[in-house]
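1. Predicted structure and sequence below. I'll ask about it afterward.
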Amino acid sequence: MTRIHITAVVDSKAELASDVEIGPYSVIGPNIKIGSGTKIGSHTVIEGYTSIGKDNHFAHFAAIGGPPQDMKYRGEPTQLIIGDRNTIREFTTIHTGTSQDEGITRIGNDNWIMAYVHIAHDCQIGDHTIFSSNAQIAGHVHVNDWAIMGGMSGVHQFVRIGQHAMLGGASALVQDIPPFVIAAGDKASPHGINVEGLKRRGFSSETISALRQAYKVLYKDGHSFEEAKVEIHKMVVASTGDPQAAEKLAQFYDFIAASTRGIIR
């Protein structure tokens, strides 16, 4: 059965699964849906048009589904959608979307979001990401699967972070990080391929070698960005004999080719 502390305030219109747990002094608004197995700590506020999946854990004092910090926002019924099995720790803030984008902020599945993280309006977060404490991302940022955000890092609006990329602690990111790349610095710059992370996730040595070669073409061989794209595309075409390497090189190429803000260089 649902376990709601006597001091919690839960609107009668909220839709809660039968086994949801809500801690002391938490507040749940009227337009909220919460799936089974989800636990909400004390003093947490969940508001807006927010949908939360199964088996999530919200620690104390989180602020979820608040209105976007966007001066153009005029109270439109925009949304926050959170998937399954996410851990969201103390004092995290996650806001709903805006009508200037598709109107939805999304958090995927199996993400680990530590204390004091801020995820702004219209952000799109994939699966299996890690946000270390005090990571702050501005509006419209896309963070792809398995990416890692270092503590006290900051990300400019509209930036994209590729899958398996890693942003170092206290870094400032103003352009896209390609997939599989490590970036760090007060203006983040590239520092190689995330080799250890890729090994832990089962990437073959051949695939890692291919990605390191693509990185070298993009960053070390003196090519212009357009020249590097041509060379990396040739690598994609030539890698058809190794399915995993071909897939990951294609992801690398597709990401940099689609960049509108520019990649870190």
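-> It's in.
2. Confirm that residue 199 sits in a helix.
-> Yes: looking at residue 199 with DSSP: H, G, I helix; E, B strand; the rest coil, it is inside a helix.
3. Go ahead and confirm it touches residue 211.
-> No: counting by C-beta atoms under 8 Å, residue 211 is not a contact partner of residue 199; they are 11.8 Å apart. All C-beta atoms are positioned from the backbone trio N, CA, C, and that covers glycine.
4. Between the two, tell me which one has more neighbours.
-> The neighbour comparison of residue 199 against residue 211 (other C-beta atoms under 10 Å) goes to residue 211, with 26 against 12.
5. show me where pLDDT drops low in the stretch 1-150 of the chain?
-> Applying pLDDT under 70 to the stretch 1-150 of the chain flags residues 1.
6. so who does residue 257 touch?
-> Each residue near residue 257 by C-beta atoms under 8 Å, 6 or more residues apart in numbering is listed here: 229, 233.
7. SS state for it?
-> Residue 257 is classified as helix under three-state DSSP.
8. What pLDDT does the model give it?
-> Looking at residue 257, its pLDDT is 98.
9. And residue 263, by the same measure?
-> 98.
10. and the residue nearest to it when sequence neighbours are not counted, how many neighbours does it have?
-> Leaving aside its sequence neighbours, residue 263 sits nearest to residue 176 (C-beta to C-beta, 6 or more residues apart in numbering; 4.7 Å). Burial of residue 176 is recorded as 24 neighbouring residues (other C-beta under 10 Å).
11. ok, now residue 232?
-> Neighbours of residue 232 under the rule other C-beta under 10 Å: 23.
12. need the contact list for residue 118.
-> 92, 93, 94, 135, 136, 137.
13. Would you reformat these as CSV and include neighbour count and secondary structure?
-> Converted to CSV, those look like this (neighbours: other C-beta atoms under 10 Å; DSSP: H, G, I helix; E, B strand; the rest coil):
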residue, neighbour count, secondary structure
92, 24, coil
93, 17, strand
94, 25, strand
135, 26, coil
136, 16, strand
137, 25, strand
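14. Can you spell out the domain ranges of this protein, please?
-> 3-140, 198-258 (automatic domain parsing).
15. Enumerate every residue touching residue 115.
-> Residue 115 is in contact with 59, 89, 90, 91, 92, 133, 134, counting by C-beta under 8 Å, 6+ apart.
16. Now, of the residues you listed, which are buried?
-> 59, 89, 90, 91, 92, 133, 134 (16 or more other C-beta atoms under 10 Å).
17. what secondary structure does the last one sit in?
-> Taking three-state DSSP as the rule, one finds residue 134 in the coil state.
18. Surely it is in contact with residue 92?
-> No: taking contacts as C-beta under 8 Å, residue 134 lies outside contact range of residue 92: 10.3 Å.
19. list the residues that contact both of those two?
-> Common contact partners of residue 134 and residue 92 (C-beta under 8 Å, 6+ apart): 115, 116, 117.
20. Sort out which of these are in helices and list them.
-> If you go by DSSP state H, the shared contacts of residue 134 and residue 92 have nothing in helices.
21. which one of those is nearest residue 250?
-> Here the nearest of the shared contacts of residue 134 and residue 92 to residue 250, counting by C-beta to C-beta, is residue 117; it sits at 31.1 Å.
22. contacting residues around that closest one?
-> Contacts for residue 117 (C-beta under 8 Å, 6+ apart) come out as 89, 92, 93, 131, 133, 134, 135, 136, 149.
23. any idea how far residue 61 is from the fifth one?
-> Same thing as residue 133. 14 Å (C-beta to C-beta, to the nearest Å).
24. The second one now?
-> Distance check for residue 92 against residue 61: by C-beta to C-beta, it reads 9 Å.
25. before we move on, what about the first one?
-> Taking C-beta to C-beta as the measure, residue 89 falls 9 Å from residue 61.
26. And the helices in the stretch 51-200 of the chain, which stretches?
-> 195-200 (DSSP state H, counting those that start in this stretch).
27. what's the most buried one of the domains of the chain?
-> domain 3-140 (a mean of 19; mean count of other C-beta atoms under 10 Å).
28. chain center to it: distance?
-> Mean-position distance between domain 3-140 and its chain equals 14 Å (C-alpha atoms, centre = their mean, to the nearest Å).
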